Every structure is written in C-alpha cells, then in structure tokens.
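Participant: Dropping a prediction and its sequence here:
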Amino acid sequence: MTVLVQLIKTGITIAVAYTVYRFLYESILRATKRLGKELRMKNTLRTILLTIALVIALMVVLDIWQVNLFPYLTALGIGGIAIGFAVQEPLSNFISGLLVIFTGKLLENDVVEIDGIVGVVEVINYNHTVLRTFDGKRVLIPNKQVWNQRLINYWPTNIRRFTMKVSVSYGSDLVKVLNVLRKCIDEEPLVEKSPEVSNAIVFAGFSSSSIDFDVHFWIKRENYFDALNSLANRIKRELEANGIVIPFPQLDVRIKERVL
C-alpha cells in the first residue's frame, strides 16, 4: 500500500468519523425536539460523541498505517510508576468528570455554587466544569473538586421560593398590613400561584424601629428580576395608598443637664 493511498484512506476515515459525529448529534437534537423535551447537556453531549468518533477513527488510522502499539506500551511499562504519579491528578479529574456526567449531578444552565463560586454551568468537560459567573467571568473548576465539594443548586426546578422582608411602623394596624400584603401577592401576575406552592406572610419580629414581616413567594426562573422588582414596587405602592408607614431607623438622643 503506497503512502498516497494511506493518506487518502486516512482523510476519508477522518471525514467519515466527523460526518457520523455530526449526524448523531443533530439526530439526537431533532429527536429530543420532536418529543417536546429540552436537552440540558448539549455541549457535554457534543464532547462525548466527538471523543467516541475520534477514538474509533484513531483505531482505524493506526490499522491503515499498520502501527502496532504493543511495543510502545511495553516500553512505557518501564516508567509506569513515574507516569502513574504524573497522571494521577488528571486521571482523578477524568473519572470524577464521568461520574458528574453520568449521574446527572450537574446539568448545563444550572445555577450552582461550588466551593464558594457561583455561576451558570456552560459545559461539563472530562477534566473540568466551566462556570460563567454573573459578572462575566469564565471559571474552570476541576471535576474532582466538583464531585467532592458541597454543591448548591439554586434552581433545581423552574420555580423557587424567595423571601422579602417588609417593615411597618408601630402605629400600623397589623390586620390591615397582613391583608394588604396578601393582596399584593395574590394580584402580582409574576408570582406563582398553584396547589404545589405555598406563598405566605410570616411575622418576623419586633425591631427597634419597626414591626417586621417576611413575605414568602414563589417565582419562575425566567421572571426572577422582573418578579422581585414588580412585587417590591406593588407592596410599597399599596402600603402608601392605605396609609401604612414604612419606617426608617430612628435614634432618640436625650441630653441630661448636669447641675453644678
């Protein structure tokens, strides 16, 4: 077999492997779309399929060029201990990456906190997970750390409960306050209302300058900022319309004259 024929076969092998990879990836996307499902691991799936295609292509190319890896592997065995120490950390990250991918511990677009770093999961690679922080940074976290560290998922589902503290003056009618706050929750369209969720208003305590309530409410992830702003604006407007004062901290200073 001439070198030219080997080069042609190598090129055809690589082209076929890449074509099959693209076909499988796009077929999975189309099938998921037809089923009405959302594929949460697009970038990770692309990495896995491309790796499989490249490994198969490499095996075929080695066969085309009649390369026998056994002697090289035998030679590597001599320095196996040193190599083992060298690849210990990457291998640990690789195995942890497989565990993260196949157990579904993380999914793309999850908002998570890993070892104090908060961001959106962009892609889970074999050795590291890529987070995009809310201030635009791109952070690469080793998968060993992702697998072993405590992980907080801020949006495990599409809805989540938030708490807004509302303070009123001591001269307020508390029954009226509760009714106004309940009305605000019930009339706010961006607050979720269904049998599965429970919106509530809970007494939070007597502060030095106010009586405090915690307003617990559920919102969808896509409405996060709009819902917080809209509800805060609605509560302030309704309290003012009903003559209920939102106090500010006050400090009474008394000066006692000293009689000489």
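Facilitator: Thanks, I have it.
Participant: Could you confirm residue 121 falls within a strand?
Facilitator: Yes - assessed by DSSP: H, G, I helix; E, B strand; the rest coil, residue 121 belongs to a strand.
Participant: I'd like the numbering to begin with 476 instead of 1 from here.
Facilitator: In the new count, where the first residue is 476, that last one comes out as residue 596.
Participant: Next, count neighbours for it.
Facilitator: 24 (other C-beta atoms under 10 Å). Every C-beta, even on glycine, is put in place using the N, C-alpha and C of the backbone.
Participant: now the one 5 residues further on
Facilitator: Residue 601 has 18 neighbours, counted by other C-beta under 10 Å.
Participant: and if you look at residue 497?
Facilitator: The burial count for residue 497: 14, using other C-beta under 10 Å.
Participant: quick one: the residue nearest to residue 598 when sequence neighbours are not counted and residue 700, what's the gap?
Facilitator: What sits nearest to residue 598 in space, not counting adjacent residues and going by C-beta to C-beta, 6 or more residues apart in numbering, is residue 518, at 3.7 Å. To residue 700, residue 518 is 25 Å away according to C-beta to C-beta, to the nearest Å.
Participant: go on, residue 529?
Facilitator: For residue 529, the distance to residue 700 - C-beta to C-beta - is 42 Å.
Participant: Pick out whichever of these two has more residues nearby.
Facilitator: Higher neighbour count among residue 529 and residue 700: residue 529, with 14 against 9, using other C-beta under 10 Å.
Participant: Could you pull up phi and psi at the more buried one?
Facilitator: Note on residue 529: its backbone torsions stand at phi -70, psi -40 [degrees, to the nearest 10].
Participant: is it true that residue 657 touches residue 677?
Facilitator: No - at 11.9 Å, residue 657 does not count as touching residue 677 under the criterion of C-beta atoms under 8 Å.
Participant: any idea which helix or strand comes after the helix or strand of the chain with the lowest mean pLDDT?
Facilitator: Here the helix or strand of the chain ranked lowest by mean pLDDT, DSSP states H and E is helix 555-561, holding a mean of 54. Sequence order places helix 563-578 as the next helix or strand after helix 555-561, per DSSP states H and E.
Participant: same for that next one, what does it pack against?
Facilitator: strand 592-599, strand 603-607, helix 618-623 (3 or more C-beta pairs under 8 Å, 6 or more residues apart in numbering; DSSP states H and E).
Participant: With mean pLDDT and distance to residue 710 added, can I get these in TSV?
Facilitator: Compiled in TSV, the helices and strands packed on helix 563-578 are given as follows (pLDDT from 0 to 100; distance: least, C-beta to C-beta, whole Å):
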stretch	mean pLDDT	distance to residue 710
strand 592-599	94	27
strand 603-607	95	32
helix 618-623	93	39
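Participant: For the chain, just list every one of the helices.
Facilitator: 478-509, 517-539, 545-553, 555-561, 563-578, 618-623, 649-662, 699-716 (DSSP state H).
Participant: Cool, thanks, talk later.
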